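Trainee: Here is my input, please return the structure:
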Amino acid sequence: MFESSPGGNMRFEPDIKLTAEMILIMGDLTAPAFLWFKELCIRGYLALRRYRAHFITLVALMLDTELPCFRGHTLEQLNARLKPDASEAEAARYMHEVINRCAHSLRTRIYDYIQFQQNKIPY
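Mentor: Numbers count the residues shown, from 1 in each chain. Sure thing, here's the model as predicted:
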């Protein structure tokens with residue numbers, strides 16, 4: 001969500017981590033549990049957008065912590081991810097597309113493999 005991922009930005013991390021195992025727990029991409037998961041993700045995203053200014057202010061308070069996820073253009077990138085100029089319907093569609101794109105993403109599998117090789121984080 002911010003500007004860096006654990007292990008450093010590799011520039012191909014998925015927007016959200018949604019592994020095949022996570023989907024399998026819910027059934028499959030058409031299972032009621034997965035559809036409910038998508039609905040809740042979209043609702044959460046839309047709720048966060050309503051409080052975007054407050055959330056960005058909270059993040060701004062952490063910029064001086066020297067955490068690697070807060071560097072460069074963190075606030076601008078966070079704001080852009082929240083799609084401030086999009087309508088609620090457009091934002092919901094955007095999040096729906098993010099979830100669909102990340103389901104079974106090859107990028108997730110590659111990222112997990114690299115994390116395991118570099119940091120011994122099991123996947």
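
Trainee: For the rest of this, base every contact and every neighbour count on C-alpha atoms.
Mentor: OK.

Trainee: what about the helices in this protein?
Mentor: In order along the chain, the chain carries the following helices (DSSP state H): 20-26, 32-50, 52-61, 74-81, 88-102, 106-119.

Trainee: Turn these into a markdown table, columns for distance to residue 67 and mean pLDDT.
Mentor: Supplementary listing: the helices of the chain in a markdown table, determined by distance: least, C-alpha to C-alpha, whole Å; pLDDT from 0 to 100:
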| stretch | distance to residue 67 | mean pLDDT |
| --- | --- | --- |
| helix 20-26 | 28 | 91 |
| helix 32-50 | 23 | 98 |
| helix 52-61 | 12 | 93 |
| helix 74-81 | 11 | 90 |
| helix 88-102 | 26 | 95 |
| helix 106-119 | 18 | 78 |
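
Trainee: out of those, nearest to residue 68?
Mentor: Residue 68 sits nearest to helix 74-81 of all the helices of the chain, at 10.4 Å, using C-alpha to C-alpha.

Trainee: ok and that closest one relative to helix 88-102, angle-wise?
Mentor: 100 degrees (axes from the mean of the first three to the mean of the last three C-alpha atoms, to 10 degrees).

Trainee: Nice, that's everything, thank you.
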